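>>> below are the sequence and a predicted model; questions follow.
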Amino acid sequence: MVDTAARSGAPEQLDRVIVRFAGDSGDGMQLTGERFTTTSALFGNDIATLPEFPAEIRAPAGTLAGVSAFQVHISDHEITTPGDAPNVLVAMNPAALRSELGKLEGGGTIIVNTDSFDERNLTKAGYRANPLADGSLDTYSLYEVPMTSLTKEAVAPLGVKPRDAERSKNFFALGLVSWMYTRPVEPTLDWIESRFAARPQVRDANVAAFKAGHAFGETAELFDHPFSVKPARLAPGTYTNINGNTALAWGLIAASELSRLPLFLGSYPITPASDILHELSKHKDFGVRTLQAEDEIAGIGAALGAAFAGHLGVTTTSGPGIALKSETMGLAVSMELPLVIIDIQRGGPSTGLPTKTEAADLLQAMYGRHGESPIPIVAAYTPSHCFDAAIEAARIALRYRTPVILLSDGYLANGSEPWRLPELSELPDISVTFATEPNHTNPDGSRVFWPYLRDPETLARPWAVPGTPGLEHRIGGIEKEDGSGNISYEPANHERMVHLRAERVRRIADDIPPTMLRGDVEDAEVLVLGWGSTWGAIDGAVDRCRARGRRVAHAHLVHLNPFPRDLGDVVRRYPRVVVPEMNLGQLTRLVRAEFLVDARSITKVQGVPFTASELEAAILKELGD
Amino acid sequence: MTDLLPPPTTTPKDWASDQEPRWCPGCGDYSILKAVQTMMPGLGVSREDTVFVSGIGCAARFPYYMNTYGMHTIHGRAPAIATGLAMARPDLDVWVVTGDGDALSIGGNHLIHALRRNIDITIVLFNNQIYGLTKGQYSPTSEIGKVTKSTPFGSLDHPFNPVSLALGAEASFVARTHDMDRAHMVETLERAHAHRGAAFVEVYQNCNVFNDGAFEGITSRANRDSMLIPLVHGEPIRFGPDKEKGVVLDGQGRARIVDVADVGPDSVLVHDEARAEPGLAFMLSRLSSGPHEPTPVGVFRAVDRPHYGSETSRQIEAAVQRGVGDLNALLHSRPTWTV
């Protein structure tokens, strides 16, 4: 950096920057973005990411449909969103430029791979004239870099075939952007070394391309000076960069350890939940059993069978899978067995937008079953919170002997952020006790086991696992007699059992924290009520509104069924309540129905999260600005 | 789970729960229940280590009548639920009781995958060729042309042969028995129980209300000798009052029924249940297209192959051998930095 500084001046300090890497699905943009993110996280910046990719594994090359993008926001202060408009767009081909340009801030920086701007690719992207030549980009800072040919030149001495050489061009781009933002190079070089250790030629080509990109920035007269973003002042602790699905998988492992129960996952592959199955499949050293089942129904069925056997049973899926699992959820409600059902929501209905985010399964989670079958719902609100949410879902399931639905979404699942690693001693004890003795005395004095004799406080029934002598019992989906658990069609008994199952879920409200509130808690003009992944955007929007002198409070729900005990008071305390959601107002309906308040909905269902500026505008509009 | 002591001596009564069976009087399910309760004391297993899992249907009430652990679950899903149970707890004895509608219609997918994976469970399919609990619709094993409430002009569906289906899924143990012969039932179910991996037993079972006498042509005492073809490992496949009929492989590679006198006793096929390839067992299953012609009973196939639960445990044990998982190490397994 000393040489660079000597040539072109010291790096210019920025407090934050938003970079968007975009290219063809086969260009490796997700990987490039992830590497840039990891390096920045290790450097100490706060980060937030938004990966966006098409559902097709390889959409036709060069087309708009095939564009894959990764947005990363790096900052020297705490941030909660991947940013509104990128400052920098790296476009590897014309289609990436055309599809992503509209997102770039006015006058932003564009770095293009000029080698791909040939007639064929321009036509595929729908350009009639070359945008690099027709002056249409004059208001931007445009940097034209022949990345493909420079990459080929750099790797030629290694004897790499030209076709393979081209594959390394994303590392050239990464090297160049790493230079621009004075990122340390070692983490990336180390990563390439270990990732491609088994394929030395690919490893060497990627290293050469990365170094060439870095050197190009330093030596080409193209760029005046690099930039730097200082480390953020985060709370003291040890951090790692984590995405939601990994955090969730680790949370399940933690729940297994904290409950001292083996973890059993029954799952069927589905985007965007499959990575949890992948991650858990690796961790057999924790005794984790994973079954890639024949279908969604078998996934939850096997998990329920394992729960009966005394394991922590879990199933993972997305919205369509939840629909298939709903009958078994009804059985789990009736059997009153602990079970964790994880829904990584995506755009729907049906196949919908499988790789895009949405949060429109709340009412399905709440009501999407036959009969009166209440199920507690927990929702994660940041990628790292998925860890805590998994433990919380397991805690409720185990303590109350009930299926619990955990809601995450595609944005949390794939987005990443720095996570201050918890001390193990900070984690809750969620251990359970199995029944070992009969619990009821017959009129003849004999001691027997009644599977539906409840704990008077929690209304949870005893959990007696096979292998326990004397507690043999049969349970099923037919209505059971309160207490004995024997089949009962008696009308009053059914009504009692329906009420007991509902009351058991209601009582969980006594066992969860009050509503999370921040902002102008005392005297806000408006309460912004959110749940799930809208947290970051709401947080940013509320700060901006307050900076404009408006008084705004933000409440965010982790528990959606039951609601925190104080939620009714909270929503009635403020003159206005607005509820931003990535659906058409599902929480809004629940809040209106439950508390009779005139909550107003702010909705977005475009497969991408709210930006803070969108919500800022919506909140101000609600306030009459 | 508890100890290594031999299980206490029990009687059939110990295996009966306190619940009164609620099948129709005269139902074949009673004789199967009796056979199972009679058999259990001889298996050398404990009640607490035994789990009966069922789906929905008349047969699915079975677990309520056994004084063991039991789950009465969802239509068709018992093999899936039992898969989780058996994987989680290889120490347990897991039985699945199912029917022709439960196992072959709504639950067909789970059945073939449980068999394919070779989950260590014993599946007993009560085949009565009718939907009983929903009061008399045709089932996936009903014969073509069957007139029922839902097929007033006769059913058009080609029926499944459950044994052929199980063999097609490469089940490692496949057998057939019937509700009129307790000794044969017990003998067959004992073999199924002793098998490691997925064991599949089809039991011809009479529904005296909606499909009475469906199997009488082959299972009644008067017809058994001439209409049931006993499969006994290592013995020539012969039947008839005087063992005058036999099964041979013809020039086309098909199994055929012949008069032994016509071909000579040495030409009769000797049954080999342990053949690695399921092809010959499949051919034997095709000898009969329904309970109106000579039908093989007994063990069609019994081969050893790795079963899913123990293979899962093996992978876990190997991983644990390399080092028990450490949560703190997991959390720090990716690059970290300290503020």
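Thanks, I have the structure now.
>>> in the stretch 351-500 of chain A, what residue is nearest chain B?
residue A:476 (2.7 Å; C-beta to the nearest C-beta). Just so you know, the C-beta spots here come from the backbone N, C-alpha and C atoms, and that holds for glycine as well.
>>> and the residue lying closest to that residue once chain neighbours are set aside, what does it touch?
In this structure, residue A:476 finds its nearest non-sequential neighbour in residue B:72, 2.7 Å apart by C-beta to C-beta, 6 or more residues apart in numbering or on different chains. Under the criterion of C-beta atoms under 8 Å, 6 or more residues apart in numbering or on different chains, the neighbours of residue B:72 are A:474-478, B:54, B:60-61, B:63-64.
>>> next, count neighbours for the nearest residue to residue A:137 once chain neighbours are set aside.
Take residue A:137 and drop its neighbours on the chain: the residue closest to it by C-beta to C-beta, 6+ apart is residue A:131, 5.7 Å away. Per other C-beta atoms under 10 Å in any protein chain shown, the neighbour tally for residue A:131 reads 21.
>>> before we move on, what about residue A:565?
Residue A:565 has 14 neighbouring residues, counting by other C-beta under 10 Å.
>>> helix, strand, or coil at the residue in the stretch 51-200 of chain A positioned nearest to chain B?
Shortest the stretch 51-200 of chain A-to-chain B distance, computed as C-beta to the nearest C-beta: residue-wise this is residue A:187, at 6.7 Å. Secondary structure state of residue A:187, per DSSP: H, G, I helix; E, B strand; the rest coil, is helix.
>>> the bottom helix or strand of chain B by mean pLDDT?
strand B:336-338 (a mean of 91; mean pLDDT, DSSP states H and E).
>>> tell me if that one is near chain A.
Yes: judged by C-beta under 8 Å from any C-beta of the partner chain, strand B:336-338 and chain A are in contact via B:336-338.
>>> ok, residue 59 - contacts?
This is for chain A. A:25, A:65-66.
>>> actually it's chain B I care about, not the one you picked
Contacts of residue B:59 by C-beta under 8 Å, 6+ apart are B:29, B:97-99, B:102, B:126, B:205.
>>> any idea how far the residue nearest to residue A:447 when sequence neighbours are not counted lies from residue A:308?
Spatial nearest neighbour of residue A:447, excluding adjacent residues (C-beta to C-beta, 6+ apart): residue A:438 at 3.9 Å. Per C-beta to C-beta, to the nearest Å, residue A:438 is found 19 Å from residue A:308.
>>> going along the chain, name the strands of the stretch 151-300 of chain B.
Taking DSSP state E, counting those that start in this stretch to define them, one finds strands in the stretch 151-300 of chain B at B:173-178, B:199-204, B:228-231, B:238-239, B:245-249, B:255-259, B:295-302.
>>> closest to chain A out of these?
strand B:199-204 (16.5 Å).
>>> output the contacting helices and strands for the closest one.
With contacts defined as 3 or more C-beta pairs under 8 Å, 6 or more residues apart in numbering or on different chains; DSSP states H and E, the packing partners of strand B:199-204 are strand B:122-127, helix B:162-168, strand B:173-178, helix B:182-194.
>>> sheet partners, orientation included, of it?
Using DSSP bridges, the strands paired with strand B:199-204 are strand B:122-127 (parallel), strand B:173-178 (parallel).
>>> can I get that strand in CSV? Just the C-alpha atoms.
Extracted C-alpha coordinates of strand B:199-204, given in CSV (Å, rounded to 0.1, in the frame of the first residue of the first chain):
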residue,chain,number,x,y,z
ALA,B,199,-39.4,-57.7,6.8
PHE,B,200,-42.6,-57.6,4.9
VAL,B,201,-45.4,-60.1,5.5
GLU,B,202,-48.7,-60.1,3.6
VAL,B,203,-51.5,-61.7,5.6
TYR,B,204,-54.6,-62.6,3.7
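>>> spit out the contact partners of residue A:384.
Contacts of residue A:384 (C-beta under 8 Å, 6+ apart): A:242, A:244, A:247, A:417-420.
>>> residue A:438 and residue A:308 - which one has more neighbours?
Just comparing residue A:438 and residue A:308: by other C-beta under 10 Å the higher neighbour count belongs to residue A:308, 29 against 15.
>>> pretty sure the more buried one contacts residue A:464?
No: assessed by C-beta atoms under 8 Å, residue A:308 is found out of contact with residue A:464, at 9.8 Å.
>>> where does chain B have low pLDDT?
The model of chain B has pLDDT under 70 over residues B:1-5.
>>> any idea which element the residue lying closest to residue B:106 once chain neighbours are set aside lies in?
Among residues not flanking residue B:106 along the chain, residue B:76 sits closest, at 3.5 Å (C-beta to C-beta, 6+ apart). Of the helices and strands defined by DSSP states H and E, none includes residue B:76.
>>> hang on, the earlier thing: for residue A:365, find the nearest of the strands of the stretch 151-300 of chain B.
Shortest separation from residue A:365 across the strands of the stretch 151-300 of chain B is recorded for strand B:199-204, at 37.3 Å, computed as C-beta to C-beta.
>>> which bits of the stretch 51-200 of chain A sit near chain B?
Going by C-beta under 8 Å from any C-beta, the residues of the stretch 51-200 of chain A near chain B are residue A:187.
>>> which residues of the stretch 101-250 of chain B lie near chain A?
With C-beta under 8 Å from any C-beta as the criterion, the stretch 101-250 of chain B comes near chain A at residues B:109-110, B:113.
>>> for the stretch 51-200 of chain B, which segments count as helices?
B:78-88, B:100-101, B:108-117, B:162-168, B:182-194 (DSSP state H, counting those that start in this stretch).
>>> hey, which of those is tucked in deepest?
Per residue and on average, the most neighbours among these fall to helix B:78-88, with a mean of 32 (mean count of other C-beta atoms under 10 Å in any protein chain shown).
>>> tilt between that one and helix B:108-117?
Helix B:78-88 and helix B:108-117 are oriented at 40 degrees to each other (axes from the mean of the first three to the mean of the last three C-alpha atoms, to 10 degrees).
>>> where do the domain boundaries of chain A fall?
By the assignment in automatic domain parsing, chain A contains the domains A:2-229, A:240-422, A:433-511, A:516-622.
>>> please identify the deepest-packed of those domains.
domain A:240-422 (a mean of 25).
>>> got the confidence number for the residue sitting furthest away from the middle of chain A?
For chain A, the largest distance from the centre (C-alpha atoms, centre = their mean) belongs to residue A:444, which lies 56.8 Å off. Looking at residue A:444, its pLDDT reads 95.
>>> so it, which state does it fall into?
Three-state assignment for residue A:444 (three-state DSSP): coil.
>>> angles on the backbone of it, please.
When read as degrees, to the nearest 10, the backbone of residue A:444 gives phi -80, psi 10.
>>> what about the stretch 501-625 of chain A, any weak spots by pLDDT?
In the prediction, the stretch 501-625 of chain A carries no residues with pLDDT under 70.
>>> quick one, helices of it?
Listed in chain order, the helices of the stretch 501-625 of chain A (DSSP H, counting those that start in this stretch) span A:535-547, A:567-573, A:586-595, A:612-622.
>>> let's see stretch A:445-457 as PDB, backbone CA atoms only.
What follows is stretch A:445-457, C-alpha atoms only, in PDB (Å, rounded to 0.1, in the frame of the first residue of the first chain):
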ATOM      1  CA  GLY A 445     -54.800 -49.700  44.200                       C
ATOM      2  CA  SER A 446     -52.700 -50.700  41.200                       C
ATOM      3  CA  ARG A 447     -50.200 -48.100  39.900                       C
ATOM      4  CA  VAL A 448     -50.500 -47.300  36.200                       C
ATOM      5  CA  PHE A 449     -49.100 -44.800  33.800                       C
ATOM      6  CA  TRP A 450     -51.500 -42.200  32.400                       C
ATOM      7  CA  PRO A 451     -49.800 -40.500  29.400                       C
ATOM      8  CA  TYR A 452     -52.200 -37.500  29.500                       C
ATOM      9  CA  LEU A 453     -52.000 -36.600  33.100                       C
ATOM     10  CA  ARG A 454     -50.700 -33.100  32.900                       C
ATOM     11  CA  ASP A 455     -48.200 -30.900  34.800                       C
ATOM     12  CA  PRO A 456     -50.600 -28.400  36.600                       C
ATOM     13  CA  GLU A 457     -48.400 -25.400  35.700                       C
END
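>>> nice, that's everything, thank you.
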